[in-house]
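Undergrad: sequence plus the predicted model coming up.
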Amino acid sequence: MLSNEEKEAYRRKIRQELEEQEKERLEELTKKPPLEPTAEPAFPITSDRVPAISSSAPAPFNGLSHQNWAEIEKIKRDTEEAWYSQNPDYVKYSDRHGNKKWIHRKQYEQKKAQENIRRTAEVKRRKKIYRNLILSGVVIMALLVVIIHYMLPHYGCAAYVNSNIDGAAIFIDGKRTAFDTDALVTTLTPGAHQISVYKPGYTTGFQDIFAAKGDTITVEINLEIDPQYAEIAAGRRPDTTIEENKTPIYIPGSAPKPEYVVDRERTSMVISTNISDVVVKMDGKPTSYEVNRLLQSVPPGSHIVELVKAGYRSEPAYAIINLQKGGAAQYLTFEMIRESALVLTIRTEPVDGDIFLDNILMGHGECIREFQLPGRFTVSFGKVRGFRSPDDITVQISEREPSVSTVGRYYPIIEIAFSLGQNGQIVKNNVKEVRTGYYYPNTGPVPAEETGPALQKLDAYNIYVYEMGYAFAHRNPPGGDFVEIVFDLPENFNQNKILYLTLRGLASNKNYLFNLTKSTDIAVEINGKVVVNHHTPINNLDRQEPLGGDSWPISDFLKMGENRILVRTTDDNKCYYYLHALELK
């Protein structure tokens, strides 16, 4: 134990060496600022009795005990803290590793400047890393896009449409595309389509296709020269340029009047379009001319030609042609564009389900689809939990029926049941009430708690059952036990589907008292009507057969709303019947 004088001597010695050491350090700091934080000062305090102060010095030193050495260490720490705290030129500094130490204010400012430089360099380094990461991410994403586009299957589809005639217009479902043969048509959607190729002077070619998701198919459509077009095919295509200042103003619904007629004699012309069943109007009057064929003996002169079809508009709306007697065939080209599309509307009731058109998902709950051409389609529906999916429907839209609506009706799956649980409790599924009691033909079912079937446990099967037998031993007839369930059928119950009643029970050879006949006989009634009478259950308890399942179709006995199913023993029953469950599916 150190005395107060010894403690004070230690303190003076420590303060003196601190002043000398910090003075030397300040001189070195003024000459050249250190680049790294200085190490924690060590103070070699020397005296005849005072050993050098070091945090790692051994405990027994120069004859000092462990207790004295610990006391000297505490004096050193307290003296250093007091000396630095009282000196305003020193501050406590925490380096980047979390170590705290006292340093001179000048050195502190130098370290702060170094830290700022290091922090700025670190920020620049991180920005460079982030920039490289972003650039690498962009490159990787671009590569993924290329891989997905060229190597993985697409959800869309495409078709290579090739022909022996270059520059023929390509139509999909009667609608002009932006492509001419030979070309890759990328605007194709999955499903069935009709692709047609047309070029003036050649017969129009058609081909029906079916494209699935991601498919790229090849379509070859070859065109043939019409024999009547020999002159055109030979390369002598007439000039069909309309004279300047000869285009009249078109008023929708009526063609403008022709400016002049040269002669009533006729010549030849060709009217080309993407749809064949159109009406050709010349000078505002319907004609019997056909399109896509050579028309001979057309009156010479200037004519205004229109194409008319219900639900379509022509592009252009009309054309002016100048015909000369004996001249080469003149060409006119129109595109018929549907204005009022063919519409197919599909809904599901009473719940929303997936709607498929030719096995392609089109919507959920409701689907409205427009078509440019007539067609026949198969509509199917997805699964909805708790409901039976509608059957597939075949629909057809046509010019006569441009708008077709259909409904897919979901019907609830009927699952009604009661059973006896592991502890003999009644387990109900969509059952409102379970009643037990006795039955007489003249009174019908009479609910009763004291009389009626008894609750028993069949140890061999580890289940609880209703033991059903006679009602009153002293009566003749004794009557019978019954079990009745009450349940509701929903209004949208599908009466076209057959429902089956199944009884999970066992006959037995356990006779009534003073009776030797081995006969188990039960009856089933639904809503007061007898479904089955004098039925012997399939399986028998005494033969150790599995729990039976006697089943009957009962759809004709059911009704929407409340229903009652009653199971009872008959007057001919002489052995007990054990009922475990009743199911309706």
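TA: Received the coordinates, thanks.
Undergrad: only C-alpha atoms for contact and neighbour calcs from this point on.
TA: Will do.
Undergrad: domains in this structure, by residue range?
TA: 1-152, 158-224, 228-236+257-338, 342-412, 416-584 (automatic domain parsing).
Undergrad: the biggest helix by length in the chain - contacts with which helices or strands?
TA: Ranked by residue count and defined by DSSP state H, the top helix of the chain is helix 105-150. Judged by 3 or more Cα pairs under 8 Å, 6 or more residues apart in numbering; DSSP states H and E, the packing partners of helix 105-150 are strand 90-94.
Undergrad: make it 10 Å
TA: Secondary-structure packing of helix 105-150 (3 or more Cα pairs under 10 Å, 6 or more residues apart in numbering; DSSP states H and E): helix 4-31, strand 90-94.
Undergrad: quick one, which of these is packed in tightest?
TA: Neighbour counts (mean count of other Cα atoms under 10 Å) averaged over each of the helices and strands packed on helix 105-150 peak at strand 90-94, with a mean of 16.
Undergrad: low-confidence stretches in the stretch 351-500 of the chain?
TA: Applying pLDDT under 70 to the stretch 351-500 of the chain picks out residues 473-477, 495.
Undergrad: so which of the helices and strands packed on helix 105-150 comes closest to I416?
TA: strand 90-94 (76.6 Å; Cα to Cα).
Undergrad: got a markdown table for the helices and strands packed on helix 105-150, with distance to D180 and mean pLDDT too?
TA: Shown next, in a markdown table, are the helices and strands packed on helix 105-150 (distance: least, Cα to Cα, whole Å; pLDDT from 0 to 100):
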| stretch | distance to D180 | mean pLDDT |
| --- | --- | --- |
| helix 4-31 | 85 | 78 |
| strand 90-94 | 77 | 77 |
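Undergrad: output these in a markdown table, with distance to S297 appended to each entry.
TA: A markdown table is the format used below for the helices and strands packed on helix 105-150 (distance: least, Cα to Cα, whole Å):
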| stretch | distance to S297 |
| --- | --- |
| helix 4-31 | 116 |
| strand 90-94 | 107 |
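Undergrad: hmm, S551 is touching L503, no?
TA: Yes - checked against Cα atoms under 10 Å, the pair S551 and L503 is within contact range at 6.5 Å.
Undergrad: common neighbours of those two, please.
TA: Counting by Cα atoms under 10 Å, 6 or more residues apart in numbering, the contacts common to S551 and L503 are P537, L582, E583, L584.
Undergrad: partner strands of the helix or strand containing I321, parallel or antiparallel?
TA: Assessed by DSSP states H and E, I321 sits inside strand 319-323. Listed by DSSP bridges, the sheet partners of strand 319-323 and their directions read strand 301-308 (antiparallel).
Undergrad: one step back: quick check on S551 and L503: which one has the bigger neighbour count.
TA: L503 (21 against 15; other Cα atoms under 10 Å).
Undergrad: just list the residues touching that one, thanks.
TA: Contacts of L503 by Cα under 10 Å, 6+ apart are 417, 524, 537, 547-552, 567, 579-584.
Undergrad: kindly recompute the last result at 6 Å.
TA: Residues near L503 by Cα atoms under 6 Å, 6 or more residues apart in numbering: G549, D550, L582.
Undergrad: quick one: which of those residues is most hemmed in?
TA: Counting by other Cα under 10 Å, top hit in these: L582 with 24 neighbours.
Undergrad: so what's it bridging to?
TA: F418, L503.
Undergrad: quick one: pLDDT of it?
TA: pLDDT recorded at L582 is 92.
Undergrad: just L501 next, same as before
TA: 91.
Undergrad: so it touches S555, yeah?
TA: No - L501 lies out of contact with S555 (Cα atoms under 6 Å); the separation is 9.2 Å.
Undergrad: neighbour-wise, which of the two wins?
TA: Using other Cα under 10 Å, the more surrounded residue of L501 and S555 is L501, with 19 against 15.
Undergrad: looking at this, the more buried one is in a helix?
TA: No - with DSSP: H, G, I helix; E, B strand; the rest coil as the criterion, L501 is strand rather than part of a helix.
Undergrad: give the contact list for it.
TA: S551, W552, E583, L584.
Undergrad: give me the secondary structure label for the second one.
TA: Okay, so that is W552. Assignment for W552 (three-state DSSP): strand.
Undergrad: the one 10 residues further on now?
TA: For E562, the reduced secondary structure class is strand; criterion used: three-state DSSP.
Undergrad: circling back to that earlier point, now the contacts of L501: which count as buried?
TA: Using 16 or more other Cα atoms under 10 Å as the burial test, the contacts of L501 include E583, L584 as buried.
Undergrad: could I get the contacts of L501 as CSV with distance to D391?
TA: Compiled in CSV, the contacts of L501 are given as follows (distance: Cα to Cα, whole Å):
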residue, distance to D391
S551, 26
W552, 25
E583, 26
L584, 23
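Undergrad: so what touches stretch 543-552?
TA: Y500, L501, T502, L503, R504, G505, N539.
Undergrad: repeat that with 7 Å
TA: Y500, L501, T502, L503, R504, G505, L506, P537, I538, N539 (Cα atoms under 7 Å, 6 or more residues apart in numbering).
Undergrad: W83: which of these is nearest?
TA: Using Cα to Cα, the contacts of stretch 543-552 come closest to W83 at R504, 96.5 Å.
Undergrad: quick one, what contacts the closest one?
TA: Counted by Cα under 7 Å, 6+ apart, R504 has contacts L547, G548, G549, D550, L579, H580, A581, L582.
Undergrad: give the contact list for the last one.
TA: With contacts taken as Cα under 7 Å, 6+ apart, L582 has the following neighbours: A417, F418, S419, T502, L503, R504.
Undergrad: how close does it get to A417?
TA: 5 Å (Cα to Cα, to the nearest Å).
Undergrad: likewise for the fifth one?
TA: Distance, L579 to A417, by Cα to Cα: 13 Å.
Undergrad: the two: which is more packed in?
TA: L579 (25 against 20).
Undergrad: ok, and the closest non-adjacent residue to the more buried one?
TA: Leaving out its chain neighbours, the residue that sits closest to L579 by Cα to Cα, 6 or more residues apart in numbering is G505, at 4.3 Å.
Undergrad: ok, now how distant is that neighbour from A454?
TA: 14 Å.
Undergrad: neighbour count for those two, which is higher?
TA: Under the criterion of other Cα under 10 Å, the comparison of G505 against A454 puts G505 first, with 25 against 17.
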